[in-house]
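>>> Structure of the sequence below:
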Amino acid sequence: MQILVITTLKIPRYIEFVSEYPMPANGTIRIFKLQPMAIDSLGLETAAAIKTA
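Predicted coordinates:
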């Protein structure tokens, strides 16, 4: 019997429940608008300002 272990990189640091997603008229979720919403609501402006590769 194998024991499955999840690496810590795959466990989210933050979980936020929202009442609605940003959507246009066709009903698809605007994923590029979710990240700025999360940065604002969690107060992660300094971490988001760090430039990575």
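>>> start to end distance for stretch 37-53?
22 Å (CA to CA, to the nearest Å).
>>> Pull the distance from it to the chain's centre.
11 Å (CA atoms, centre = their mean, to the nearest Å).
>>> ok, residues contacting stretch 3-17?
Contact with stretch 3-17 is made by Ala38, Ser41, Leu42, as judged by CB atoms under 8 Å, 6 or more residues apart in numbering. (Glycine included, C-beta is placed from N, CA and C.)
>>> got the CA positions of it in PDB?
Taking C-alpha atoms only, stretch 3-17 is exported to PDB below (Å, rounded to 0.1, in the frame of the first residue of the first chain):
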ATOM      1  CA  ILE A   3       0.900   6.600   0.900                       C
ATOM      2  CA  LEU A   4       0.300   9.600  -1.300                       C
ATOM      3  CA  VAL A   5       1.900  12.800  -0.100                       C
ATOM      4  CA  ILE A   6       1.100  16.200  -1.600                       C
ATOM      5  CA  THR A   7       4.100  18.500  -1.900                       C
ATOM      6  CA  THR A   8       3.700  21.900  -0.100                       C
ATOM      7  CA  LEU A   9       4.100  23.800  -3.400                       C
ATOM      8  CA  LYS A  10       0.700  22.400  -4.500                       C
ATOM      9  CA  ILE A  11      -1.200  23.500  -1.400                       C
ATOM     10  CA  PRO A  12      -2.600  27.100  -1.800                       C
ATOM     11  CA  ARG A  13      -1.600  29.700   0.800                       C
ATOM     12  CA  TYR A  14      -4.800  31.600   0.400                       C
ATOM     13  CA  ILE A  15      -8.400  30.600  -0.300                       C
ATOM     14  CA  GLU A  16     -10.900  33.300  -1.000                       C
ATOM     15  CA  PHE A  17     -14.600  32.700  -1.700                       C
END
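>>> Quick check: mean pLDDT of that stretch?
For stretch 3-17, mean pLDDT rounds to 90.
>>> where does Leu9 fall, helix, sheet strand or coil?
helix (DSSP: H, G, I helix; E, B strand; the rest coil).
>>> Just the pLDDT for the residue nearest the centre of the chain.
Computing the C-alpha centroid of the chain and ranking residues by CA atoms, centre = their mean puts Gln35 first, at 5.8 Å. pLDDT recorded at Gln35 is 87.
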